[in-house]
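1. generate coordinates for the sequence data below:
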Amino acid sequence: MYYPSSGKAIAKSSIATNRRYKDKSGEQREETCFIDIVFFGKTAETAHTYLKKGAQLLIDGRLSYEQWTDKDGRKRSRHYIIVEHMQMLGKKPQTKENQ
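-> Below you'll find the predicted structure:
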């Protein structure tokens, strides 16, 4: 988490989504997709304090698209989710204070 000159907290992370399916031969497969997410303001502070790897999370947000040129001159791009609302699922999160 960091605070740019605007003073509004920003936190970046990624989430993993799993998909289970059967391939053409009927064999069970699993596919994992990692998606970058960005939190702002109070949501960023809450995410930074409570979320850990493996935490279950429900998010609501919007897609954003970014383009840039890397140091080797290649054009790069990515999609990511700007989190507008989140809900922590599963067990009550542990903080450093209540462990």
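2. okay, E27: pLDDT?
-> Looking at E27, its pLDDT stands at 94.
3. how close does it sit to R19?
-> With distances taken as Cβ to Cβ, to the nearest Å, E27 is found 15 Å from R19. For the C-beta atoms, the positions are set from N, CA and C on the backbone; glycine is no exception.
4. ditto for F40
-> F40 sits at a distance of 28 Å from R19 (criterion: Cβ to Cβ).
5. and these two? Which one has more around it.
-> Counted by other Cβ atoms under 10 Å, F40 and R19 do not tie: F40 has more neighbours, with 16 against 9.
6. run through the bridge partners of the more buried one.
-> Following DSSP bridges, F40 is listed with bridge partners I10.
7. residue numbering should commence at 35 henceforth.
-> All set: I'll call the first residue 35, so the last point we hit is now F74.
8. surely it touches I116?
-> Yes: F74 lies in contact with I116 (Cβ atoms under 8 Å); the separation is 7.4 Å.
9. list the neighbouring strands of whichever strand or helix holds I116 plus their orientation.
-> Here I116 sits within strand 109-123, counting by DSSP states H and E. The strands beside strand 109-123 in its sheet (DSSP bridges) come out as strand 62-74 (parallel), strand 90-103 (antiparallel).
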